Structure formats: C-alpha cells, structure tokens
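Asks: Below is the structure, and that's it, no one-letter string:
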Ligand SMILES: O=c1ccn([C@@H]2O[C@H](COP(=O)(O)OP(=O)(O)O[C@H]3O[C@H](CO)[C@@H](O)[C@H](O)[C@H]3O)[C@@H](O)[C@H]2O)c(=O)[nH]1
C-alpha cells in the first residue's frame, strides 16, 4: 500500500482486555502490519499474564510473526488492578478500573512511545472512554475500533434520539418499534442491547457506554468488524456522518490457527474425538468468554442436551456460573452423557467449528462467534445472555434466517432445549437455516477477497489516513508541542 519513499504510518493499538475484543484486535494489528503499518500493540499486564500462562511460554505473543517481516512491537500496561485479581468474579470493580484508572496507565505508555520516535495514530477499542481526548492531547489521529455490528454501534451512537423519543432512560420506556434511527431498519426494543433495556441506567457499564460514545464522536475514523453487504443501510447512514468502514470479518489468516497466541485459557484439542463422529452430527455449545449463566438456566440446558440424544462438545468455562462455584453441572450429568459428550474448559473454537462433524452451534451470540459460525457454514441456536447478544440474535434469526431462538419471551425449559436441538440437527427448520448460512458464508468470503467490499474499505481507509497524516506535516509526529498546547 505505502509508496517506497513514504514514511510508514506508526500506530499504537490498545486492545480492550476481554477475550472477545482481544482476538479481533490482534488480527487487525496483523492486517495493518501486512499493509505496511508499524504497530505498537498494547495489552494489559493481566491479559499478557493469562495468555502466557495458557501457552506455558513467557514470550511476547507476536514473537512468532516477527520473522515474516511484520513490524509489530509489543508493550503491556497495568489496568489498575493486581495481575491475579479475579476480574470475572468482581466485574463491576474491573469495569470501574477501566473507566477511571486505565487511561492514566495508557497515557504513560503513549508519552513514552511519543518520546522515542514518530508516531501518527492511536487505534483503540470504541468501548474505551478516553482515546479521542488522549489522541488530541498527543497530536495523533484517532481510529476507533468497533468489534460488534454496525447496528449496535448506531443504537449507542444515537442514545440521545432514543432518550428524546422515550425508548431509553425514562420511567415508563416505550415498548413500540424504534423506527427513527438513521439507516436502521425498524427494531423492537426487546431486540436492543441489554443495557438499553435496563431500567436503571446508572451502572458502571452505562457510564462506560455514555462516555465511550461521547468520546467516539471525536474519532477521525471508525473501523467496524462487520460486512457492508450484511448491514448496508445502517453502514451507509453512519458513513454519511463520519468515515465509518466495515472491514470484517477480521480473522486469523488461515482461520483455524492463529500465528499469534490469543487464548486466555489453555485449549483442549477436540480433533480426534470429532474425527470419529459422522458429518454434521455434533452440536457445539459455548457461551463465549465472559457471560455467566444462572444455575437454573445451566440446569435446563444440561437436561435439554441430555434429553436430545445428540452428541455435543461443550465449552464450559470454570466460571460459567461463578468462579465461586466449582462444578455447577447437575449431579450425574457428566456420567449420563459420557458416551456422546466432550466437556472441556476451552478450545480452538475456529478449529472445532470448521470440523465437518459439527452441524449446529448453541451460542450466546457473541459477535465473533456469530461471524465464525457463518464462515464455517454452521447454523445457530441462539441463547443470548447480555449486551449486544440480543441484537445479534435478531439479525441471525429474523433478518438472515440462519438460526433459531431458545428461551424466547419466557424462561428456558429442558423440553424446549431438547426440541430445538433436534429441530436444528435433523429437522426441516435446521435444514432451511443451513441453506441460508451456506449462502451467507459466501458473502463473507467475497467481502475479504481481493476486490471485496471489506478489502476495498480497508484500502480506502488507509488512503484517507495516509492523506491526513501527510496533510499537516509536523502535527502528527507525536511532538511534545501539541501535547503541551493541550495540557
Ligand atoms: O473455547 C473457546 C470459546 C471461544 N473462543 C473464542 O472466543 C471468542 C469469543 O468471542 P464472542 O463470541 O464475541 O463472545 P464474548 O467472548 O462473549 O465477547 C464479548 O465481545 C463481543 C464483541 O467483541 C460481543 O459481541 C460479546 O457479546 C461480548 O460478550 C471467539 O473468537 C471464539 O472463537 C475460543 O477460542 N475458544
């Protein structure tokens, strides 16, 4: 991309310290580096510690790709809490630290990088509350990286409209369709993010969302891990407001194995177990890296899996109910399903989804899982738990018709779980979803092919960024002058 004589753009990329954000951030860094960027990637000490512990190796995760000519440097900073602090058990304290303390540590790192050489850009997850302000202070361009759908971005971006219209943050919030967000097809409030459906909008996560989207309004560019063809009107309307580019799906090159370690937990290898199963016969079950299930729902899902008679691989994180609860599964469950179930703590999800034995995915509808499932032509059984997962479910079930809901409107029961699993794995409705997901996977493949929309969007973004860097020589050098001008 870059001309020989031109200086390479140097970007700091700060990943949000959660698994579902870290994975696309690492692969965005690799993508940009392959297009000629120098990247300084920043992880928290805690994430670094978890990755190296999972790998049983102390080296920085990018070591493996350095020989290939990618210029990716690596730093770690504190998130404000001790490395071994249980962030899963103390969610609000962790979030409060990211809200109030983390920026001071990032600023120290940015100051150091700026002092040591030319730097042009700060790329940071949209959920951080400080990037735009920090970028301005140090004379850097700000690229906001959004790891969810454009639809979710747009709903957060237009919180003021939702408030004015009485759909959010008011005593008796309206329950009728939201039909006034620019470019967004009408949406039922029940399909919006959990934070928009909650009555109390004073939680630490709400504060993060309010501040983050205030800050994001100052971004020079937004890169979104979605695909233009999947959300055309929403993306067009956002792009009309600011340079908003869909560049997804952002996957490791080769998809199955990432050259850079990103897993926060050690991975079990499921290949030989899956190799022994017939094509399309196994259900993969995972609720992602962060969400918790209630004990009641876990019991119903376990019993539903048991009743269904279907073979399954279940990623059951040790903290799925709470890290206080040692084994939350119903007594006798493991023995009952032993001949057709593989229950593990973590795996290479991409490798599992890509295996021909997998025929369906019971998922919380995290956006990465959704994209990975589509890529692997695996239809989804949706059991959203919080945040954007309800909105992703709406896209999957109502708009794209590649999945089915579980626990819709009422509490989930074992018989519903069992019936839906059977319908998905061997019924007509499962077959319909499968046909659609095969079509959709082609859209994703096209988007990241040589002349696909995501590839072109990425190139257009780089061209515009480059023009901005070179338009005002001396400004985006990370010089202390600009920092001093805006103390
Ligand atoms: O055993 C496993 C289970 C998961 N994964 C990976 O972990 C990631 C999980 O991401 P995601 O499916 O998006 O779920 P969360 O971890 O829950 O991600 C958070 O971040 C996402 C956006 O970045 C949001 O869409 C989710 O709602 C939010 O909970 C995916 O890449 C999976 O491939 C593994 O590698 N091994």
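Replies: Received, thanks. Note that the coordinates shown come from a computational prediction; the quantities given were computed from them, not determined experimentally.
Asks: thought residue 29 was touching residue 74?
Replies: No - using C-beta atoms under 8 Å, residue 29 is not in contact with residue 74, being 9.6 Å away. C-beta here means a position set from N, CA and C on the backbone, and glycine is covered the same way.
Asks: Which one of those two is surrounded by more residues?
Replies: residue 29 (26 against 18; other C-beta atoms under 10 Å).
Asks: Not counting sequence-adjacent ones, nearest residue to the residue in the stretch 251-400 of the chain that the ligand sits nearest to?
Replies: Of all residues in the stretch 251-400 of the chain, the one sitting closest to the ligand is residue 366 (2.3 Å; C-beta to the nearest ligand atom). Taking C-beta to C-beta, 6 or more residues apart in numbering, and ignoring the residues beside it in sequence, residue 366 has residue 288 as its nearest neighbour in space, at 4.1 Å.
Asks: In its sheet, which strands sit next to the helix or strand residue 313 falls within, and in what direction?
Replies: Secondary-structure assignment from DSSP states H and E places residue 313 in strand 311-315. Sheet pairing here is set by DSSP bridges, and for strand 311-315 it gives strand 282-286 (parallel), strand 341-344 (parallel).
Asks: Residue 359 - that's part of a strand, no?
Replies: Yes - per DSSP: H, G, I helix; E, B strand; the rest coil, residue 359 lies within a strand segment.
Asks: ok, for it, nearest residue in space, not its chain neighbours?
Replies: Nearest to residue 359 is residue 280, by C-beta to C-beta, 6+ apart, at 3.5 Å.
Asks: Need the per-residue pLDDT for the one residue in the stretch 101-250 of the chain that gets nearest to the ligand.
Replies: Nearest residue of the stretch 101-250 of the chain to the ligand (C-beta to the nearest ligand atom) works out as residue 147 at 3.5 Å. pLDDT, residue 147: 98.
Asks: Counting by contacts, list what the host helix or strand of residue 51 packs against.
Replies: Using DSSP H and E, residue 51 sits in helix 45-55. Helices and strands touching helix 45-55, by 3 or more C-beta pairs under 8 Å, 6 or more residues apart in numbering; DSSP states H and E, are strand 71-77.
Asks: C-terminal to the strand it packs on, what's the next element?
Replies: On the C-terminal side of strand 71-77, the nearest following helix or strand under DSSP H and E is helix 91-100.
Asks: Return the set of buried residues in whichever helix or strand comes after that next one.
Replies: Heading C-terminal from helix 91-100, the first helix or strand you meet, by DSSP H and E, is helix 102-116. Buried residues in helix 102-116, counted by 16 or more other C-beta atoms under 10 Å: 102, 103, 105, 106, 107, 109, 110, 111, 113, 114.
Asks: what angle do helix 102-116 and strand 71-77 make?
Replies: With axes from the mean of the first three to the mean of the last three C-alpha atoms, to 10 degrees applied, the angle from helix 102-116 to strand 71-77 works out at 140 degrees.
Asks: How about residues contacting helix 102-116?
Replies: Helix 102-116 is contacted from outside by 12, 14, 40, 42, 44, 75, 77-80, 119, 122, 128-130, 134, 138, 140, 478-480, 483, using C-beta atoms under 8 Å, 6 or more residues apart in numbering.
Asks: do the same with stretch 229-238
Replies: 149-151, 153-154, 157, 182-185, 222, 224, 226, 228, 244, 246, 395, 400, 440, 443, 446-447, 453.
Asks: rerun at 6 Å
Replies: 150, 151, 154, 182, 183, 184, 228, 244, 246, 443 (C-beta atoms under 6 Å, 6 or more residues apart in numbering).
Asks: again, but for stretch 407-419
Replies: 297, 300, 301, 303, 304, 307, 308, 383, 406.
Asks: now do stretch 212-219
Replies: 126, 127, 129, 132, 142, 144, 156, 157.
Asks: Just among those, which is most surrounded?
Replies: residue 144 (29 neighbours).
Asks: Mind telling me what element that residue is part of?
Replies: Here residue 144 is assigned to strand 141-146, by DSSP H and E.
Asks: Downstream of that strand, the next helix or strand is which one?
Replies: That would be, after strand 141-146 and using DSSP H and E, helix 150-157.
Asks: by contact count, what packs against that next one?
Replies: Counting contacts by 3 or more C-beta pairs under 6 Å, 6 or more residues apart in numbering; DSSP states H and E, helix 150-157 is packed against helix 232-241.
Asks: Could you list the residues of the stretch 1-150 of the chain in contact with the ligand?
Replies: Residues of the stretch 1-150 of the chain found near the ligand (C-beta under 6 Å from any ligand atom) are 18, 19, 20, 21, 23, 147, 148.
Asks: gap between the second one and residue 202?
Replies: So the one you mean is residue 19. 27 Å (C-beta to C-beta, to the nearest Å).
Asks: Between the two, which has more neighbouring residues?
Replies: Neighbour comparison, residue 19 and residue 202: the larger count goes to residue 19, with 21 against 8 (by other C-beta under 10 Å).
Asks: Please look at the more buried one and residue 286 and confirm they touch.
Replies: No - using C-beta atoms under 6 Å as the test, residue 19 is too far from residue 286 to be in contact (11.5 Å).
Asks: list residues touching both of these two?
Replies: By C-beta under 6 Å, 6+ apart, no residue touches both residue 19 and residue 286.
Asks: Can you show me the strands along the stretch 351-487 of the chain?
Replies: Taking DSSP state E, counting those that start in this stretch, the strands of the stretch 351-487 of the chain run over residues 358-363, 380-382, 403-405.
Asks: Those strands into TSV, with extra columns for mean pLDDT, mean neighbour count and distance to the ligand?
Replies: As requested, the strands of the stretch 351-487 of the chain are exported to TSV (pLDDT from 0 to 100; neighbours: other C-beta atoms under 10 Å; distance: least, C-beta to the nearest ligand atom, whole Å):
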stretch	mean pLDDT	mean neighbour count	distance to the ligand
strand 358-363	98	26	7
strand 380-382	98	26	11
strand 403-405	98	24	14
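Asks: Go through these and name the closest to residue 338.
Replies: Of all the strands of the stretch 351-487 of the chain, it is strand 358-363 that lies closest to residue 338, at 19.1 Å by C-beta to C-beta.
Asks: Tell me which other helices or strands the strand holding residue 144 touches.
Replies: Partner elements for strand 141-146 (3+ C-beta pairs under 6 Å, 6+ apart): strand 121-125, helix 131-137, strand 221-224.
Asks: give me that answer again for 8 Å
Replies: helix 19-34, strand 121-125, helix 131-137, strand 221-224, helix 453-471.
Asks: any idea which of those is most buried?
Replies: Most buried of the helices and strands packed on strand 141-146, by mean neighbour count (mean count of other C-beta atoms under 10 Å): strand 121-125, with a mean of 26.
Asks: what's the average pLDDT for that one?
Replies: The model assigns strand 121-125 a mean pLDDT of 98.
Asks: for stretch 89-98, same thing?
Replies: Averaged across stretch 89-98, pLDDT comes to 96.
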